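>>> Just the structure for this:
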Amino acid sequence: MNSRISHCPDRASLASVLGPGISCVPMTATKLPGRWHPRRVLPIFLLVLCPPTVLVMWHTHVYLDGSVTRLAAVMSRFGVIETLWGIVKPVILGSPTAWAMIGVFAGLELTLMRLLPGRRFEGQPTFSGHVPAYKANGVPAFGITILLFWLSSFRLGLFPPTIIHDHLGELLGALNLMSLALCAVLYLKGRFSPSTKDSGITGNLIFDYYWGTELYPRILGFDVKMFTNCRFGMMGWGLILISYAASQAGLHGLSSSMLVAVGIQLVYIAKFFWWETGYLGSMDIQHDRAGFYICWGCLVWLPCVYTSSTLFLVDHPTNLHPALAAAIFASGVASVLVNYWADRQRQLVRATGGDCRIWGKAPVLIRAAYTTEDGVKRENLLLASGFWGISRHFHYVPEILGAFFWTLPVLFTHVLPWFYVIFLTILLTHRAFRDEERCRLKYGDDWKRYSEKVPYRIVPGII
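Next comes the predicted model:
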């Protein structure tokens, strides 16, 4: 019997809301529900809505002061279609500069993935028996990326540090096209030349494009999800923040609100790369296929939406009282560290098979048995102490609080800069219920026992 430490819920991604939650079964067994079921209708809706939405969000923050009211007034005056086309048309194809920036950045990150040393890390075996392998070199890659940007822009003057902010609309337009094309390539690759046996289709072209046809695609030896999720999306997030801060410094002077917001996020991103091997063993990677929702989400949605509150600060600087700025920064960093601490507890138990101490005590574990589709009986250990004894998804609380604190410097003049916090809260709440159902079906009575021992899903006493 195979035993490993597990906790069904894990890190958030766009897939948590958009994903159909059918990936716990083998790819070849996947079936779609009825014609009008949300799993059929939602992908069409999102494929049409999401790509132009990022451009509208960028335009609203940059040209309409982040005001949804002003955007609505423009639409009322000129019409919805005319307004949308006026926003999208100038940037929909990107620009030569934007395409060059994307090419250089992608080339750099692929080179660092391949050449930087790092220990070998293996993910969990799939239903087909495939064991994904990675090189754990995210921390040096992050440090080198930031250093090269600083040297090239601030010291050598090869390009202005504001370059990302200056060309953001064109970058989003180019990223949209690149990502949509990549998803088409991944769809075809999964159908005709899959990297592993963990692939398959439902027979619905739109759904398969959206959901993906392969779990662990590789192109030229590069793991696609590691590149799109970690080394492009997350790595680009840090550079975008530095460019925003440089733009504000040049236009209005660098404010304490910008320093606080950027500082918390850089700590969060650095934490991510320190914890990257944990992410590569998470639900996002183990169960969500490489399709539109996860690849487009990391390549386009993340750069636009996750940084949107900081984009608002570029032209809306606020100098917070030093004590308030320090309090917000400390609270944000503490939230990030607690989130890491919670994930670290689970990793520690996984690495030691439960032979460790959690908060100075032996961990409380529940052995949860399940049977795979090929009839193999396995057993997971569900951690029910430490942070995981407070609630079954406690790590979502500091995740949301971290986003809240790096958004707080925008204050409360407009709702759009708060979109990411609202989105993340809905996303994680939905994910908690989705994963609870998945675990209930997987573990049966053992999950019931775990739920009785840890009765709250997210917030003790409330949810």
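
>>> quick one: the residue lying closest to residue 55 once chain neighbours are set aside from residue 49, how far?
Counting by Cβ to Cβ, 6 or more residues apart in numbering, residue 88 is the residue found nearest to residue 55 once chain neighbours are left out, at 5.3 Å. Where you see a C-beta, it was placed from the backbone N, CA and C, and this is true even at glycine. Distance of residue 88 to residue 49, computed by Cβ to Cβ, to the nearest Å: 13 Å.

>>> same deal with residue 77?
Looking at residue 77 against residue 49, where the rule is Cβ to Cβ, the gap reads 23 Å.

>>> swap in residue 418?
Taking Cβ to Cβ as the criterion, residue 418 is separated from residue 49 by 20 Å.

>>> quick one: which of those two has more around it?
More neighbours surround residue 418 than the other of residue 418 and residue 49, with 19 against 9 (other Cβ atoms under 10 Å).

>>> in which helix or strand would I find the closest residue to that one other than its chain neighbours?
Once its chain neighbours are removed from consideration, residue 418 has its nearest residue in residue 407; the separation is 5.9 Å (Cβ to Cβ, 6+ apart). Taking DSSP states H and E as the definition, residue 407 sits inside helix 396-407.

>>> how about the helices in the stretch 201-350 of the chain?
205-211, 224-225, 235-251, 256-274, 276-279, 283-287, 308-314, 322-352 (DSSP state H, counting those that start in this stretch).

>>> Arrange these in TSV, one row each, with mean neighbour count and distance to residue 96 as further columns.
Supplementary listing: the helices of the stretch 201-350 of the chain in TSV, determined by neighbours: other Cβ atoms under 10 Å; distance: least, Cβ to Cβ, whole Å:
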stretch	mean neighbour count	distance to residue 96
helix 205-211	20	28
helix 224-225	22	26
helix 235-251	21	19
helix 256-274	21	29
helix 276-279	20	33
helix 283-287	22	34
helix 308-314	25	23
helix 322-352	18	38
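
>>> Whichever helix or strand residue 142 is part of - what's its average pLDDT?
When secondary structure is defined using DSSP H and E, the element that contains residue 142 is helix 138-150. In this model, helix 138-150 has an average pLDDT of 98.

>>> That helix versus helix 235-251: what angle between them?
Orientation note: helix 138-150 sits at an angle of 30 degrees relative to helix 235-251 (axes from the mean of the first three to the mean of the last three Cα atoms, to 10 degrees).

>>> hang on, the earlier thing: next one: the residue nearest to residue 418 relative to residue 160, how far apart?
In terms of Cβ to Cβ, residue 407 sits 27 Å off from residue 160.

>>> now residue 320
Separation of residue 320 from residue 160 (Cβ to Cβ): 27 Å.

>>> And the two? Which one has more around it.
Each of residue 320 and residue 160 had its neighbours counted (other Cβ under 10 Å), and the higher figure belongs to residue 320 (19 against 15).

>>> nearest spatial neighbour of that one, skipping sequence neighbours?
Counting by Cβ to Cβ, 6+ apart, the residue nearest residue 320 is residue 256, at 4.8 Å.

>>> Quick one, grab the pLDDT at the one you found.
pLDDT, the model's per-residue confidence, is 98 for residue 256.

>>> about what we covered before: in the helix holding residue 142, which residues are buried?
Of all the residues in helix 138-150, those buried under the rule 16 or more other Cβ atoms under 10 Å are 138, 141, 142, 145, 146, 149.
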